[in-house]
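> Could you work out the structure for the sequence below:
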Amino acid sequence: MTDEELVDALPKHELHVHLEGSMPPETLLALRHRHGLHTLPGDLDGIRDLYEFRDFDHFIRTYLAVVQALREEEDFELLARSALGLLADQVVRYAEVTWTPVLHADRGVPVEAVFAGLEAGRLAVEAEGGPVVRWVTDLPGHLGPDAAERTLDLVLGLGGGTPPPSVVGFGLGGPEVDRAPFAAAFARARAAGLRSLPHAGEVTGPESVRAALDHLGAERLGHGIAVAQDAALMAEVAERGVVVEVCPTSNLRTRVVASYEEHPLRRMLDAGVAVTINSDDPPMFGTTLREEHLVALRHLGLGPAELLACARTAATAGSAPPAVVERTLADLDALEAVAVRR
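I've put the predicted structure just below:
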């Protein structure tokens, strides 16, 4: 079984992907023309050039500029249908997709319209045989703790005081500021039934991971690769079973790592850390979830058995319906019987 055959047969659960960052160039171009956004490039080549990032700060600036193209309920439905449709072509059974309510509410876009569009797109993709999708809401850290409380208010308001059934997690992304000031908002989110899913240890050191664990009650860590810089912390993360959502090409494109060869995923696995493989902002980084699994095999030192183990971790670490988890695990067992003997 070749690498491509293995990856194409692999049932996948995507746990770390941003909706706004998953906007295909064609969708952004359509929104540019729909709304007359002349500050954006007027052709596909120009849009693709926009996604060529110099570093993490440049990526954040571009990300925020792209968000400005989303203005009406129909825009969000178009985004959801186009982004989630890309997952359907990669044998993705389940996805937890992060969206950022405060970025839209602060521009005057009613969060009810945003969510209605997202739900319409989600349900349409699921009805067409695409992945089961659940939402994670987050906020950019540089907006501060007050924005975290506002984000949570917006989410709870959508469900009449509780999270809507399709919203399963609460996150913290963007520039990696101190996590401790967000403790109260995350405690409130957990009390409301949302899972704690913050980014940590992406562009800063292991202290960010420690803060996410101690102050935010993190169940999973977005990116989290800085754990490899602290052997004791890495051992603790492994012992506690905290899952790390690794996004290799994202780390390369934002210059967090200089090369695939320097990526710490291999060391994390060797230390017993539970790892999943994810795509983060795939069109912006010129990748797909399929490609990330090929990267793991070809550049990060994983063998078929380890790739299948990461897929099992992803299947059990999310909030997928039990029937989806059971089907995925059964298919992974059947695939392993073939793949490990190739």
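> Just the helices from the stretch 51-200 of the chain, written as ranges.
56-67, 73-88, 101-105, 111-127, 145-158, 183-191 (DSSP state H, counting those that start in this stretch).
> swap in the stretch 201-342 of the chain?
206-216, 231-240, 248-253, 265-270, 282-285, 289-298, 304-317, 322-339.
> list the buried ones in the last one?
I take that to be helix 322-339. 324-325, 327-328, 331-332, 335-336, 339 (16 or more other CB atoms under 10 Å). Every residue, glycine included, has its C-beta placed from N, CA and C.
> Tell me the helices and strands packed up against it.
helix 3-9, strand 92-99, helix 304-317 (3 or more CB pairs under 8 Å, 6 or more residues apart in numbering; DSSP states H and E).
> Direction included, what does the second one pair against?
If I follow you right, that is strand 92-99. strand 12-18 (parallel), strand 132-137 (parallel) (DSSP bridges).
> possible to save those strands as TSV with mean pLDDT and mean neighbour count?
Below are the strands paired with strand 92-99 laid out as TSV (pLDDT from 0 to 100; neighbours: other CB atoms under 10 Å):
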stretch	mean pLDDT	mean neighbour count
strand 12-18	97	27
strand 132-137	98	24
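> Can you lay out these as CSV showing distance to residue 149?
What follows is these, written out as CSV (distance: least, CB to CB, whole Å):
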stretch, distance to residue 149
strand 12-18, 21
strand 132-137, 13
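> closest one to residue 271 among the ones you listed?
Of all the strands paired with strand 92-99, strand 12-18 sits nearest to residue 271, with 19.9 Å by CB to CB.
> and the very next helix or strand once past that closest one, what's its mean pLDDT?
Following strand 12-18 in sequence order, the next helix or strand is helix 25-35 (DSSP states H and E). In this model, helix 25-35 has an average pLDDT of 90.
> Same list, the helices and strands packed on helix 322-339, but as TSV with distance to residue 84 and mean pLDDT please.
Listed next are the helices and strands packed on helix 322-339 as TSV, based on distance: least, CB to CB, whole Å; pLDDT from 0 to 100:
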stretch	distance to residue 84	mean pLDDT
helix 3-9	19	95
strand 92-99	7	98
helix 304-317	17	97
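> Pick the most deeply packed of the ones you listed.
Ranked by mean neighbour count under mean count of other CB atoms under 10 Å, the helices and strands packed on helix 322-339 are led by strand 92-99, which reaches a mean of 24.
> List the contacts of the closest residue to residue 80 other than its chain neighbours.
Distances taken as CB to CB, 6 or more residues apart in numbering put residue 121 closest to residue 80, at 2.5 Å, once the chain neighbours are dropped. Applying CB atoms under 8 Å, 6 or more residues apart in numbering, we find residue 121 in contact with 76-81, 84.
> cool, and residue 242?
Counting by CB under 8 Å, 6+ apart, residue 242 has contacts 213, 218-221, 274.
> Of these, which belong to strands?
220-221 (DSSP state E).
> between the contacts of residue 242, which is closest to residue 157?
With CB to CB as the yardstick, the closest approach to residue 157 among the contacts of residue 242 comes from residue 219, at 23.9 Å.
> For the closest one, grab the count of nearby residues.
17 (other CB atoms under 10 Å).
> swap in the one 5 residues further on?
Residue 224 is flanked by 31 other residues according to other CB under 10 Å.
> That one and residue 75, how far apart?
32 Å (CB to CB, to the nearest Å).
> what does residue 282 give?
In terms of CB to CB, residue 282 sits 19 Å off from residue 75.
> Same check on residue 176?
29 Å.
> Equivalent analysis for residue 314, please.
For residue 314 relative to residue 75 (CB to CB), the value is 30 Å.
> And for residue 165, the neighbour number?
So residue 165, with other CB under 10 Å, has 9 neighbours.
> For it, list the residues it contacts.
residue 159.
> distance of it from residue 122?
For residue 165, the distance to residue 122 (CB to CB) stands at 12 Å.
> is it true that residue 335 touches residue 10?
Yes - Residue 335 lies in contact with residue 10 (CB atoms under 8 Å); the separation is 6.7 Å.
> intersection of neighbour lists for the two?
residue 308.
> What is the least confident helix or strand in the protein?
The helix or strand of the chain with the lowest confidence, counting by mean pLDDT, DSSP states H and E, is helix 56-67 at a mean of 78.
> before we move on, the earlier item: from residue 99, how far off is the residue nearest to residue 80?
As for residue 121, its distance to residue 99 is 11 Å (criterion: CB to CB).
> same deal with residue 173?
With CB to CB as the criterion, residue 173 and residue 99 are 11 Å apart.
> Overlap of the contact sets of the two?
Counting by CB under 8 Å, 6+ apart, the residues touching both residue 173 and residue 99 are 18, 138.
> List the residues that contact residue 53.
59, 62, 253-254, 284 are the contacts of residue 53 under CB under 8 Å, 6+ apart.
> What's the separation between the nearest residue to residue 98 once chain neighbours are set aside and residue 29?
Leaving aside its sequence neighbours, residue 98 sits nearest to residue 136 (CB to CB, 6+ apart; 4.4 Å). Remark: distance between residue 136 and residue 29 (CB to CB) = 27 Å.
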